[in-house]
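Enquirer: Structural data only, the sequence is not supplied:
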């Protein structure tokens, strides 16, 4: 793809947009960057891109820039129905996401991992497995480092592992992973998508350009995933923690078993460090992705066995007066909370935050069965109380610190206090990491 003298518009100057602008300028494109934030807000970005031949349009967007561009590269935070993107489409302008742009320059096999929950853990683990098997590996995408930074660096790698969000998949046309994994589907981002099906359709695009030479790693236990996996062009490799599979990776009686192309191997899960049933799924998915691209079984499982939880995902904080406290601030949707609740009994659940538009009713059976006390905080508290409050002993707290103090009063020895919000954090905190830090501090202050 020759970018020389092409008029290219970069929309949005968060981490991805900055990397894209630098990459394009280095390839002699005529780059315009645009962001609704003003020069003062973007002073650090301007300094970072200083010295590059870039035209800046800040504090506004100009329609002419959109309709006259040869190519538009959109940051993930910009919605697909933005009026100026719609106008550009009508004018015949090509619009791509950063992963689409980067994918056109990457020759190494790509493992792309998506799903509502578990993406970061699975991607990080897969990266460690590839590296532990001796493959030079780039790990990036939605997890932190944009894929275009690999291309910009000129580094040659043997494997690329990418966490991919639904937003990144909205503007692909040729992006084709050698292995694509769909971990699960549950309601999320309904503040961005018009319907749940629109969100699902965006996720499914990860398989769109695959052929029979490629692999689709899919969750056999998720009815929606399995339904949509039928008819894919790629070869299906299922994983399951609930049933034995003739082919694929499954968990049964304390063993993870891999069956593939006449080979069968089993490994005990007893020494696995990751807590939670969802992490069994993440481990099986990561191992499947890696084994399909040349990794050795025993080495791979040893790495998976010793892998420890990432921050803010079912992270153990402390035990106090016989009660275990867990922090799961990254659980910003109902699907991730379901997995957390499946992992414990006798739970005091702290939940709530900024509502994302989905229903909380999928939590009903688990709240009835496993949650002894429910403490609600944040903007979503009223709706959560309406949908869940009658199922168990329910309380309200005005701050997270008050919720932790209340949990300590009402949870008996042997119980578990779990902060797993099912909501985003932006009503009370800067982000989920600040929410986690405040919870951890409150627990340690007991």
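Expert: Everything's here; your move. What you see is a predicted model; the values in this text were computed from it and never measured.
Enquirer: Doesn't residue 382 lie inside a helix?
Expert: Yes: counting by DSSP: H, G, I helix; E, B strand; the rest coil, residue 382 falls inside a helix.
Enquirer: Tell me the spacing between it and residue 394.
Expert: 12 Å (C-beta to C-beta, to the nearest Å). Glycine gets a C-beta too; all of them are placed from N, C-alpha and C.
Enquirer: shaky segments in this protein?
Expert: For the chain, residues meeting the criterion pLDDT under 70 lie at 310.
Enquirer: That one - how does it break down into domains?
Expert: 7-92, 101-306, 315-444 (automatic domain parsing).
Enquirer: Make TSV from the ones you listed and add mean neighbour count and distance to residue 1 to it.
Expert: Formatted as TSV, those follow (neighbours: other C-beta atoms under 10 Å; distance: least, C-beta to C-beta, whole Å):
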stretch	mean neighbour count	distance to residue 1
domain 7-92	17	9
domain 101-306	20	5
domain 315-444	19	35
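Enquirer: can you tell me which residues contact the residue nearest to residue 68 when sequence neighbours are not counted?
Expert: Using C-beta to C-beta, 6 or more residues apart in numbering and skipping the chain neighbours, the partner closest in space to residue 68 is residue 7 (6.7 Å). Neighbour list for residue 7: 29, 30, 32, 68, 69, 70, 71 [criterion: C-beta atoms under 8 Å, 6 or more residues apart in numbering].
Enquirer: Show me the residues you listed that map onto helices.
Expert: Assigned to helices by DSSP state H, the following of these qualify: residue 68.
Enquirer: would you turn the contacts of residue 7 into CSV with distance to residue 398?
Expert: What follows is the contacts of residue 7, written out as CSV (distance: C-beta to C-beta, whole Å):
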residue, distance to residue 398
29, 52
30, 53
32, 47
68, 52
69, 49
70, 53
71, 49
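Enquirer: Closest one of the contacts of residue 7 to residue 154?
Expert: residue 29 (17.1 Å; C-beta to C-beta).
Enquirer: Just to check, the closest one is in contact with residue 6?
Expert: Yes: under the criterion of C-beta atoms under 8 Å, residue 29 makes contact with residue 6 at 5.0 Å.
Enquirer: if we can go back for a sec, pull the most distant pair out of the contacts of residue 7.
Expert: Top of the distance list for these (C-beta to C-beta): 29 and 68, 14.2 Å.
Enquirer: mind listing the strands for the stretch 1-150 of the chain?
Expert: 7-11, 30-35, 54-58, 71-74, 94-97, 110-114, 137-141 (DSSP state E, counting those that start in this stretch).
Enquirer: next one: the stretch 151-300 of the chain
Expert: 159-163, 179-182, 215-219, 235-240, 248-252, 255-260, 263-268.
Enquirer: could I get these as CSV with distance to residue 278?
Expert: As requested, the strands of the stretch 151-300 of the chain are arranged in CSV below (distance: least, C-beta to C-beta, whole Å):
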stretch, distance to residue 278
strand 159-163, 16
strand 179-182, 14
strand 215-219, 11
strand 235-240, 12
strand 248-252, 12
strand 255-260, 14
strand 263-268, 18
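Enquirer: Nearest to residue 386, out of these?
Expert: strand 215-219 (30.5 Å).
Enquirer: how many degrees apart are that closest one and strand 248-252 in direction?
Expert: 20 degrees (axes from the mean of the first three to the mean of the last three C-alpha atoms, to 10 degrees).
Enquirer: roughly how far out does strand 215-219 sit from the chain middle?
Expert: 16 Å (C-alpha atoms, centre = their mean, to the nearest Å).
Enquirer: Next: stretch 70-86.
Expert: 21 Å.
Enquirer: Enumerate every residue touching the residue nearest to residue 149 when sequence neighbours are not counted.
Expert: Spatially, and ignoring its direct neighbours in sequence, residue 149 is nearest to residue 19 (5.2 Å; C-beta to C-beta, 6+ apart). Residues counted as contacts of residue 19 (C-beta under 8 Å, 6+ apart) are 98, 146, 148, 149, 152.
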